[in-house]
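Visitor: With the sequence up front, the predicted model follows.
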Amino acid sequence: MARCGSARCDRVIDTALALLAWLVALLVVGMVGWIVADLLRQGLPRLSWAFLVELPGDAGRSGGIRPILISTLLILGVCLAGSVPIGLATAVFLAEFQRGHRGFGPLVRYSLDTLAGVPSIVFGLFGNAFFSITLGLGFSILSGGLTLACMVLPLLIRSMETALRAVPAEHRLATAALGLPQHVSLLHIVLPAAAPGLAVGLVLGIGRALAETAALLFTSGYVDRLPDSLLDSGRALSVHIFDLAMNVPGGASQASATALVLVALVLLINAFTGWAARRWLGSLHSTTF
Amino acid sequence: MLKPSSSFHRHADRPLLWTLRLLSALAALIVALILLFVLREAWPALGQLGPTRFLRDPGWHPASGDGEAGYGLLPMLAGTLLSSGGAVLLAAPLGLGSALFATSYGPPRLRGPHRQLLQLLGGIPSVVVGFWGLVVLTPLIRQWHPPGQSLLAGILCLTVMILPTTALLSEQALREVPAASLQAAAALGLSRRATLEGVVLPVARGGLLSAVVLASGRALGETMAVLMVAGNVIQVPASLFDPVRTLTANIALELGYALDLHRAVLFVGGLVLMGVVAVVMALAAGLRSSPGHG
């Protein structure tokens, strides 16, 4: 910012900054409005109950998205089954046993921070090389879900650790004063008290996994049939949008309708997280998304 | 924090602690596993071609015969750096403007809704932003200056993707300015502009810079939003309207059918990407840990 002393110059800069601030505020409204309005205009006419429960036809140009919804749910299920046990255990370990700056905890935290910065397409490369090829799972719901599990782990752990730390220390002191061992205090006092916050972390993880595309392209694959088992390839909602938009001429309106379903799901989840975080945790999570 | 009350209880908690430790170690090992596997897959290319051919080779013809094959990643690296750089140049001032709106220049009534809209924008999946860019933005750019699918379209979609991060983190940085400093400035009768220049910006500078750097890390790693709109032609662009291909898009486009050395070179691309992002993230961590000294 230019240095100047006079009151007039002061006013000019102040006005310029106010203008910038208002411009950005309007821009944000405009951008959200534009994107949402376009999706609604193109997607809403296609959206119906039939769209959700029918099989896709003609490479997705007609019909519905039933197998895609089912594959998405299965991928999410695998992702949670893989990430929640490890995530919860690590969060408990970091929050309850590793409060200091020494020992094993900082190493785990550093490693997770690094993991959080890995680009999603690199998770795709890794998932393809490790789950699909080395472990022999091929292009399958299992490969995709486990790749997503690795990806959401840092987010899951960070929010669950925050939730555990928000449990008042008096709870732990009281159980310790009763002479209860720590695992009893953990299972019966700390975890139940932190449950709402843990749920928020879980839902944040689901939102992140739902929105992901790049990590799934080469792990869970493109096949749009109903999957018979977890070892079948299954197409997620996000991959369906990508494929319809890029590889299927005339697929744009079906892609819009699918995008509308995906955005509605993600926004519902985000709204729930925001509401739950405000209700139960103060504003701890309000800036994470 | 708490000393176990007796040796019996210490003993009883040991299996629990070891289980937790084991699972934490597993979580910590994932990043090493990723590095190991990407390196292992990239190894044939690094060994056979040497580390410099990716920079020196003039073209990208990874599937051609031995004589004519070219593995130049430079155009893709340029595409990644240019599109992310452009997006950051746009998003940084916009993010600061948004933070100013949310902390001092906007009416208090509108600050909450403004933040909620930003969070809403941040919640839109990248594939949806890419789709919107493909069907709405690129036709508009095509009318202005063909072909439409271009570096410019990539920059704009990336800006939409990273603006919420930049704006919300910048706002957080401005909020970390101690209230006592603001009250002191008010007591001195400083104008809003002088308070900003003399008090707020110097204190928040580290946080603001780290917001921008973190957002550029996200832009560098973004795949879908730029893959769907940037045209994916392998070239160093001469203008904003030329199509480009980023490192991420290159992997997403070719991994499906790449074999042998071609596949290995795609993993080299992944390594380069991880390297660039790691440098940026380290920079952000450095900036965050020294607030005010930028």
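Guide: Cool, got the structure. Numbers count the residues shown, from 1 in each chain, chains lettered A, B, ... in the order given.
Visitor: mind listing the helices for the stretch 51-200 of chain B?
Guide: With helices called from DSSP state H, counting those that start in this stretch, the stretch 51-200 of chain B shows them at B:53-56, B:74-100, B:108-123, B:126-132, B:138-144, B:151-175, B:179-187, B:192-195.
Visitor: Show me what the longest one packs onto, helices and strands only.
Guide: Applying 3 or more CB pairs under 8 Å, 6 or more residues apart in numbering or on different chains; DSSP states H and E, one finds that helix B:74-100 contacts helix A:7-43, helix B:151-175, helix B:201-221, helix B:247-254, helix B:260-289. (Each C-beta comes from the backbone N, C-alpha and C, glycine too.)
Visitor: As CSV, the helices of the stretch 51-200 of chain B with mean neighbour count would be great.
Guide: Output for the helices of the stretch 51-200 of chain B, formatted as CSV (neighbours: other CB atoms under 10 Å in any protein chain shown):
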stretch, mean neighbour count
helix B:53-56, 16
helix B:74-100, 23
helix B:108-123, 17
helix B:126-132, 28
helix B:138-144, 14
helix B:151-175, 25
helix B:179-187, 12
helix B:192-195, 18
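Visitor: Go through those and name the closest to A:Phe139.
Guide: Among those, helix B:126-132 comes nearest to A:Phe139, with 18.7 Å by CB to CB.
Visitor: starting at the chain centroid, how far to the closest one?
Guide: 16 Å (CA atoms, centre = their mean, to the nearest Å).
Visitor: Tell me if that helix is near chain A.
Guide: Yes - using CB under 8 Å from any CB of the partner chain as the criterion, contacts between helix B:126-132 and chain A involve B:Ser126, B:Val127, B:Val128, B:Val129, B:Gly130, B:Phe131, B:Trp132.
Visitor: residues in contact with that helix?
Guide: Residues outside helix B:126-132 that contact it (CB atoms under 8 Å, 6 or more residues apart in numbering or on different chains): A:35, A:38-39, A:211, A:213-214, A:238, A:241-242, A:245, A:255-256, A:259, A:262-263, B:157, B:160-161, B:222-229.
Visitor: Now B:Leu208. Nearest residue, chain neighbours left out?
Guide: Excluding its sequence neighbours, the residue lying closest to B:Leu208 (CB to CB, 6 or more residues apart in numbering or on different chains) is B:Ala173, at 4.9 Å.
Visitor: so who does that neighbour touch?
Guide: So B:Ala173 contacts B:Ala99, B:Ala204, B:Gly206, B:Gly207, B:Leu208, B:Ser210, B:Ala211 (CB under 8 Å, 6+ apart).
Visitor: you'd agree the fifth one is up against B:Ser98?
Guide: So the one you mean is B:Leu208. No - with contact defined as CB atoms under 8 Å, B:Leu208 does not reach B:Ser98; the gap is 11.9 Å.
Visitor: what's the overlap in contacts for these two?
Guide: B:Ser170.
Visitor: Closest approach to chain B from the stretch 1-150 of chain A, which residue is it?
Guide: Per CB to the nearest CB, A:Pro119 is where the stretch 1-150 of chain A lies closest to chain B, at 2.8 Å.
Visitor: Apart from its neighbours in sequence, what residue is nearest that residue?
Guide: B:Gly221 (2.8 Å).
Visitor: ditto for B:Leu96
Guide: Spatial nearest neighbour of B:Leu96, chain neighbours left out: B:Ser170 (5.6 Å); criterion: CB to CB, 6+ apart.
Visitor: got the contact list for that neighbour?
Guide: B:Gly95, B:Leu96, B:Ser98, B:Ala99, B:Gly207, B:Leu208, B:Ala211, B:Val212.
Visitor: Stretch A:52-70 and chain B in contact?
Guide: No - judged by CB under 8 Å from any CB, stretch A:52-70 and chain B are separated, with a smallest distance of 13.1 Å.
Visitor: tell me the average confidence for that stretch?
Guide: Averaging pLDDT along stretch A:52-70 gives 92.
Visitor: Report the buried residues of that stretch.
Guide: Going by neighbour count (16 or more other CB atoms under 10 Å in any protein chain shown), the buried part of stretch A:52-70 is A:Pro56, A:Gly60, A:Gly63, A:Gly64, A:Ile65, A:Arg66, A:Pro67, A:Ile68, A:Leu69.
Visitor: Tabulate those in JSON lines, adding columns for secondary structure.
Guide: Below are the buried residues of stretch A:52-70 laid out as JSON lines (DSSP: H, G, I helix; E, B strand; the rest coil):
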{"residue": "A:Pro56", "secondary structure": "strand"}
{"residue": "A:Gly60", "secondary structure": "helix"}
{"residue": "A:Gly63", "secondary structure": "strand"}
{"residue": "A:Gly64", "secondary structure": "coil"}
{"residue": "A:Ile65", "secondary structure": "coil"}
{"residue": "A:Arg66", "secondary structure": "helix"}
{"residue": "A:Pro67", "secondary structure": "helix"}
{"residue": "A:Ile68", "secondary structure": "helix"}
{"residue": "A:Leu69", "secondary structure": "helix"}
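Visitor: low pLDDT regions in chain A?
Guide: A:1-5, A:99-101, A:280-289 (pLDDT under 70).
Visitor: quick one: the strands in it?
Guide: Taking DSSP state E as the criterion, chain A carries its strands at A:56-57, A:62-63.
Visitor: List of residues touching stretch A:84-98?
Guide: Residues outside stretch A:84-98 that contact it (CB under 8 Å, 6+ apart): A:104-106, A:108-109, A:112, A:149, A:152-153, A:156-157, A:160-161, A:163-165, A:182, A:186, A:190-191, A:198, A:201-202, A:205, B:17, B:19-21, B:23-24, B:26-27.
Visitor: For that stretch, C-alpha coordinates in PDB please.
Guide: Extracted C-alpha coordinates of stretch A:84-98, given in PDB (Å, rounded to 0.1, in the frame of the first residue of the first chain):
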ATOM      1  CA  VAL A  84     -12.600 -45.100  10.700                       C
ATOM      2  CA  PRO A  85     -10.900 -47.700  12.900                       C
ATOM      3  CA  ILE A  86      -7.400 -46.400  12.000                       C
ATOM      4  CA  GLY A  87      -8.500 -42.800  12.200                       C
ATOM      5  CA  LEU A  88     -10.300 -43.100  15.600                       C
ATOM      6  CA  ALA A  89      -7.400 -45.100  17.100                       C
ATOM      7  CA  THR A  90      -4.900 -42.500  15.900                       C
ATOM      8  CA  ALA A  91      -7.000 -39.600  17.100                       C
ATOM      9  CA  VAL A  92      -7.400 -41.200  20.600                       C
ATOM     10  CA  PHE A  93      -3.600 -41.900  20.600                       C
ATOM     11  CA  LEU A  94      -2.800 -38.300  19.700                       C
ATOM     12  CA  ALA A  95      -5.400 -36.600  22.000                       C
ATOM     13  CA  GLU A  96      -5.200 -38.800  25.100                       C
ATOM     14  CA  PHE A  97      -1.600 -40.100  25.100                       C
ATOM     15  CA  GLN A  98       0.600 -37.700  23.200                       C
END
